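Visitor: Give the three-dimensional model of this entry:
(one chain, ligands or ions: 1)
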Amino acid sequence: MHTWLRFWLGESCRLCKVDLLPKESGICVGCSGLLPFAWLDEGLLLASEDQAESQNVRVRSWLVFSEKNAVRHLIHRIKYKSDRPLAVDLGRAMGRDLGSLSGISIPEIWIPVPLHPKRLRQRGYNQSEALAQGLQSVLGGRVESRILKRDKHSESQTKNSRNARSNNVAHAFSCKPGILLDPNIRIAVVDDVITTGSTLKACCSALQAAGFTNVQAWTLGCSGWL
Ligand SMILES: [Zn+2]
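Guide: Okay, the predicted model is just below:
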């Protein structure tokens, strides 16, 4: 939606509820300045029983997620309140910040972590896809939502223990066969938050098993596994 249209419709800051100015979107300048930035750039080891060798992917996260901070509120809005405009805004802001870091390899393809069709119907949209669209609008490339698919419907991650989550998603994703893409193309898997890392490991492993050699992960928030 156009910025001015959102202004005239009376959009307010998702955190402090103040009316937003035309140049602001999603969060006001004051709240944006108080966000707990992570600037995480770490390796995530992909080690599993069925891989001959452990592999490493870079994980880039923008904000620190905790059960009590503002990031939890933002992620709750985009996941459970269908706030798609906010998800796109956050993707744009993340893209501007992380993309400006030196040494960052900007992805050519953004792949959102897929939702199972049943959950997609419940939620109405995939929040990771909206984040990816925000990233793409700032950093270029394209969003590909059909390469990776979720093969089984796992229970909500928040209800499970750490080990249960890991086992639950280890083989939950696969690549569609017959994809005609350069295997060296720069791919980023996009998710809202990394907690145990098990979901992103499973996604990146599926892409690497399909022959893609240049896979990284970008997430809005990070917690837990650090
Ligand atoms: Zn605010």
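
Visitor: For Val29, grab the count of nearby residues.
Guide: Other residues near Val29 come to 11 when the count uses other C-beta atoms under 10 Å. From N, CA and C alone the C-beta is placed, and that goes for glycine too.

Visitor: wait, Ala70
Guide: A count of nearby residues for Ala70, using other C-beta under 10 Å, gives 18.

Visitor: excluding its backbone neighbours, what's nearest it?
Guide: Using C-beta to C-beta, 6 or more residues apart in numbering and skipping the chain neighbours, the partner closest in space to Ala70 is Leu15 (5.5 Å).

Visitor: That neighbour looks like it's in a helix, true?
Guide: No. Checked against DSSP: H, G, I helix; E, B strand; the rest coil, Leu15 lies outside a helix; its state is coil.

Visitor: I'd assumed His73 was in contact with it.
Guide: Yes. Counting by C-beta atoms under 8 Å, Leu15 touches His73, with 6.6 Å between them.

Visitor: neighbour count winner among those two?
Guide: Leu15 (18 against 11).

Visitor: This structure: strands as residue ranges?
Guide: Per DSSP state E, the chain carries strands over the ranges 37-46, 55-64, 109-112, 142-143, 148-150, 173-175, 187-194, 215-222.

Visitor: quick revisit: could you measure the residue nearest to Ala70 against Gly95, distance?
Guide: Distance, Leu15 to Gly95, by C-beta to C-beta, to the nearest Å: 20 Å.

Visitor: repeat for His116
Guide: Relative to Gly95, and taking C-beta to C-beta, His116 is found at 27 Å.

Visitor: between the two, which one's more packed in?
Guide: Shown here are His116 and Gly95; by other C-beta under 10 Å, Gly95 has more neighbours (23 against 15).

Visitor: How many residues are close by the nearest residue to that one once chain neighbours are set aside?
Guide: In space, and not counting its chain neighbours, Gly95 is closest to Val138: 3.5 Å by C-beta to C-beta, 6+ apart. Neighbour count for Val138, taken as other C-beta under 10 Å: 16.

Visitor: Next up, the contacts around Val138.
Guide: Going by C-beta atoms under 8 Å, 6 or more residues apart in numbering, Val138 touches Gly91, Arg92, Gly95, Arg96, Gly99.

Visitor: Out of those residues, give me the one that has the most neighbours.
Guide: Counting neighbours by other C-beta under 10 Å, Gly91 leads these with 30 neighbours.

Visitor: quick one: that residue from His171, how far?
Guide: Per C-beta to C-beta, Gly91 is found 28 Å from His171.
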